[in-house]
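Asks: prediction below, plus the sequence it came from.
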Amino acid sequence: MSDRIKQKLIDPFVIPIVVIAVLIAVIITVGELLLSVVTEGTTKDRLDRPELWMAVGAMALIIFGFGFLASRPQSAMPMLNKPVLVGGDRAFFDPLRPPLDEQLRQGQLGGIDDIQPGFTLYAQSGALAKVLGVLPGGNDYGKQFAGFFYATGLFGASKELWVPFEAVLSVYPETKIAFLAIKGDETEHFGWNLPPESLRRGEPRINEELH
């Protein structure tokens, strides 16, 4: 199962639906169980109601059960002491980490020539693409570009991207990171999801902004 399917379908739709279905099943099961032991009487406010004592007993069992588990030493319950925070390995009360940019901007600044296959291209919104190769420059949309990075999109971006050298803002060879001067959702607007004219056959693409 691809990460894109998980990101676009499983996480936002399937998991919430499953959680809601489980909660509904639990609520219905508990309700039916209590209704099955209801006894008719002349008044509602009485102590001889089995469903009342069953509900109280279940709540007491849950409270005392979790209280007992919480009082156990950490070494006695190793399974309960594993970190379960979703979204990272940082403990809940650990100090905040520096922003993403500060973690990635390490080492000396590099240049376009330092970008090689395996580098990750970052936009303002985060990781955008992984560089697969470097292509010579040429004309595209009536403009001259020094060269292109052939890359594969990450986290829902187009599978194929041709990113011009001119879009690179800064390069950090130590972390194999290059930052682009875009927000992250403009690749199709710029036409980066289509190969440049030097790699295609047919009529040149027309820049609609010129008309």
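Replies: Arrived safely, thanks for sending.

Asks: check the burial of the closest residue to residue 151 other than its chain neighbours by counting its neighbours.
Replies: Spatial nearest neighbour of residue 151, excluding adjacent residues (CB to CB, 6 or more residues apart in numbering): residue 129 at 3.7 Å. (Each C-beta comes from the backbone N, C-alpha and C, glycine too.) Using other CB atoms under 10 Å, residue 129 has 28 neighbouring residues.

Asks: mind checking the SS state of residue 129?
Replies: When classified by DSSP: H, G, I helix; E, B strand; the rest coil, residue 129 comes out as strand.

Asks: surely it and residue 152 touch.
Replies: Yes: the criterion here is CB atoms under 8 Å, and residue 129 meets it with residue 152 at 6.2 Å.

Asks: list residues touching both of the two?
Replies: Counting by CB atoms under 8 Å, 6 or more residues apart in numbering, the common neighbours of residue 129 and residue 152 are residue 161.

Asks: tell me how far the closest residue to residue 126 other than its chain neighbours lies from residue 61.
Replies: Leaving aside its chain neighbours, residue 126 sits nearest to residue 184 (6.7 Å; criterion: CB to CB, 6+ apart). In this view, residue 184 and residue 61 are 51 Å apart by CB to CB, to the nearest Å.

Asks: for the two, indicate the residue with more neighbours.
Replies: residue 184 (17 against 10).

Asks: pretty sure the residue nearest to residue 126 sits in a helix.
Replies: No: using three-state DSSP, the secondary structure at residue 184 is coil, not a helix.

Asks: over to it: give its phi and psi.
Replies: Backbone torsions for residue 184, taken as degrees, to the nearest 10, come to phi 130, psi -20.

Asks: got it, and the one 4 residues further on?
Replies: Backbone torsions of residue 188, given as degrees, to the nearest 10, read phi -70, psi -30.

Asks: list the contacts of the nearest residue to it once chain neighbours are set aside.
Replies: Excluding its sequence neighbours, the residue lying closest to residue 188 (CB to CB, 6+ apart) is residue 158, at 7.0 Å. Contacts for residue 158 (CB under 8 Å, 6+ apart) come out as 187, 188, 192, 193.

Asks: tell me the contacts of the residue nearest to residue 151?
Replies: Applying CB under 8 Å, 6+ apart, the residues contacting residue 129 are 120, 121, 149, 151, 152, 153, 154, 157, 161, 163.

Asks: can I get the buried ones among the residues you listed as something I can paste into PyMOL?
Replies: To isolate the buried subset of the contacts of residue 129 in PyMOL, counting by 16 or more other CB atoms under 10 Å, use the following:
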select buried, resi 120+121+149+151+153+154+157+161+163
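
Asks: minimum pLDDT in the contacts of residue 129, which residue is that?
Replies: Among the contacts of residue 129, residue 157 carries the lowest pLDDT, at 82.

Asks: show the backbone phi and psi for that residue.
Replies: Taking degrees, to the nearest 10, you get phi -70, psi 170 for the backbone angles of residue 157.

Asks: could you do residue 182 as well?
Replies: phi -140, psi 160.

Asks: spatially, what comes nearest to it if we skip its sequence neighbours?
Replies: Residue 182 sits nearest to residue 123 (CB to CB, 6+ apart), 5.0 Å away.
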